[in-house]
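Chemist: Next come a sequence and a model predicted from it.
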Amino acid sequence: MIIQLDVAITPEQQRVLEEQLAKVKYQGNPVTTQYANYLVGVGKKEFDIRAIGSLPGIRDIHRVSDDYKLVSKKWRVDDTVIDLGDDIRIGDGSLSLMVGPCSIESEEQVALTIAHMQANGIRIMRGGVYKPRSSPYSFRGMGIDGLKMWHEQTRAAGIKIITEVMTVDQIEVMHDYVDVFQVGARNSQNFNLLDALGEVDKPVLLKRGISGTIDELLASAEYIFSNGNERIMLCERGIRSYETAYRNTFDINALVMLKEKTHLPVIADPSHGIGIRRFVDKIAMAAAVAGADGVIMEVHHQPEKAFSDGQQTLSFAEANRLYKQLKRIEWLQD
């Protein structure tokens with residue numbers, strides 16, 4: 001059960017509400033976000049919610065049986081739209097594109113990528129400055145200095161940044177230089193990190209865990225929302241299965257199921273989803289047809305020389321062709 005409180009609810013009205021919840025053996029868990037105040041009621045007994053909803057100080061009440069209540073679509077009439085400012089929105093019915101290299105490598109690389117994006121009207125740049133790598137000897141990113149350099153160039157070009165945060169103590173250091181915090185697959189159940197991102201008024205893109213279920217992804221999003229941040233996007237990036245012919249098993253089913261289960265925007269990552277450059281365009285188009293709100297993919301001016309993930313990264317020419325195909329799909333769906 002989700003109870004949305006009136007902004008002008010009095011302490012006495014709050015006390016009466018809590019007493020009524022106790023009578024029906026429900027625990028009221030307070031949640032304050034950047035947009036509203038809620039009580040998330042948890043209990044097992046069935047009762048007529050009108051008895052609670054009619055109390056003064058309550059704006060709305062919804063019965064939500066899912067374990068993930070706040071991110072559930074059962075209580076939100078309209079889907080969430082993430083507004084990044086400067087007329088950039090995700091989840092508004094258009095197909096949002098987020099492109100860039102796996103790793104931020106140099107000023108020249110950033111400048112070339114920005115020019116490529118501007119030529120295609122793309123305004124969200126992905127890239128990593130802190131990289132979780134399977135081998136400790138692989139390139140692990142330029143760190144905060146690389147982020148500051150990247151931020152300076154993108155701000156001048158009117159482009160937003162999405163980048164991965166790996167630890168709680170990185171959030172404050174990165175905050176002023178990031179538009180969207182990304183939580184990678186390896187951290188999708190790092191609940192300390194999710195709690196901390198719930199206290200930040202910046203959007204979060206949450207990737208599905210390496211072998212995570214859809215319900216586990218939604219439960220992780222609930223951690224962020226219940227700590228105060230409603231600005232969440234979910235990302236399908238493929239899961240690990242027994243198949244070894246490609247990097248991950250990209251779950252097209254997950255896109256339609258997530259759109260059914262949650263009001264949050266759903267993003268597809270075809271680069272990690274298949275991990276093979278020549279097939280990324282096909283997976284991206286399939287995701288667009290399946291109803292994804294956006295596509296995040298790796299693009300580099302020289303993929304064969306990329307410091308990381310070159311095997312799944314599109315060249316500028318390959319990306320240009322894909323953009324045209326995605327725009328055609330978006331137009332057909334309209």
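Modeler: Okay, I see it. Being a predicted model, the structure only gives us computed values, none of them experimental.
Chemist: List the contacts of L5.
Modeler: Contact analysis of L5 by Cβ atoms under 8 Å, 6 or more residues apart in numbering lists 14, 36-39, 57-59. All C-beta atoms are positioned from the backbone trio N, CA, C, and that covers glycine.
Chemist: swap in A254?
Modeler: A254 touches 208, 214, 236, counting by Cβ under 8 Å, 6+ apart.
Chemist: Counting neighbours, which of the residues you listed comes out on top?
Modeler: Greatest neighbour count in these, by other Cβ atoms under 10 Å, goes to E236: 28 neighbours.
Chemist: Pick out the most distant pair among the contacts of L5.
Modeler: Farthest apart among the contacts of L5 by Cβ to Cβ are Q14 and A36. That separation is 14.7 Å.
Chemist: okay, those two: which has more neighbours?
Modeler: Neighbours were counted for Q14 and for A36 using other Cβ under 10 Å; Q14 has more, 17 against 14.
Chemist: which parts of the longest helix anywhere in the chain are buried?
Modeler: With secondary structure taken from DSSP state H, the chain has its longest helix at helix 316-333. Across helix 316-333, burial judged by 16 or more other Cβ atoms under 10 Å covers 316, 319, 322-323, 326, 329.
Chemist: Just list whatever residues bridge to the residue nearest to W75 when sequence neighbours are not counted.
Modeler: Spatial nearest neighbour of W75, chain neighbours left out: H62 (3.5 Å); criterion: Cβ to Cβ, 6 or more residues apart in numbering. Taking DSSP bridges as the rule, H62 bridges to I2.
Chemist: doesn't I2 make contact with H62?
Modeler: Yes: the pair H62 and I2 passes the contact test of Cβ atoms under 8 Å, sitting 4.8 Å apart.
Chemist: list the residues that contact both of those two?
Modeler: Common neighbours of H62 and I2 (Cβ under 8 Å, 6+ apart) are W75.
Chemist: More neighbours: which of these two?
Modeler: Neighbour count, other Cβ under 10 Å: between H62 and I2, I2 has more, with 19 against 16.
Chemist: tell me the contacts of that one?
Modeler: Contacts for I2 (Cβ under 8 Å, 6+ apart) come out as 38-41, 61-62, 64, 69-70, 75.
Chemist: cool, C235 as well?
Modeler: C235 makes contact with 205-208, 266-269, 296, according to Cβ under 8 Å, 6+ apart.
Chemist: Most widely separated two among those?
Modeler: Among these, L206 and A268 lie farthest apart (Cβ to Cβ), at 13.6 Å.
Chemist: what about those two, which has more around it?
Modeler: A count of neighbours by other Cβ under 10 Å puts A268 above the other of L206 and A268, at 30 against 27.
Chemist: That one and G294 touch, don't they?
Modeler: Yes: counting by Cβ under 8 Å, G294 is a contact partner of A268 at 7.3 Å.
Chemist: mean confidence for stretch 36-55?
Modeler: Per-residue pLDDT over stretch 36-55 has a mean of 88.
Chemist: which outside residues touch that stretch?
Modeler: Residues contacting stretch 36-55 (Cβ under 8 Å, 6+ apart): 1-5, 7, 9, 13, 16-17, 20-21, 24-32, 58, 60-61, 63, 69-70, 226.
Chemist: And for stretch 103-112?
Modeler: Residues from elsewhere that reach stretch 103-112 (Cβ under 8 Å, 6+ apart): 101, 127-129, 131, 139, 141-142, 146-147, 149-150, 153-154, 163, 300-301, 306-309.
Chemist: So for that stretch, what gets flagged as buried?
Modeler: Buried residues in stretch 103-112, counting neighbours by 16+ other Cβ under 10 Å, are found at 103-105, 109-110, 112.
Chemist: One more: stretch 304-315?
Modeler: By 16+ other Cβ under 10 Å, the buried positions in stretch 304-315 come out as 306-310, 312-315.
Chemist: Identify the residues contacting I159.
Modeler: 114, 117-118, 123-125.
Chemist: Next step: these restricted to strands.
Modeler: 124-125 (DSSP state E).
Chemist: which one of the contacts of I159 sits closest to R231?
Modeler: Nearest member of the contacts of I159 to R231, counting by Cβ to Cβ, is I124, at 14.2 Å.
Chemist: Any figure for the gap between S188 and A219?
Modeler: 10 Å (Cβ to Cβ, to the nearest Å).
Chemist: Which one of those two is surrounded by more residues?
Modeler: Taking other Cβ under 10 Å, S188 and A219 do not tie; S188 has more neighbours (23 against 19).
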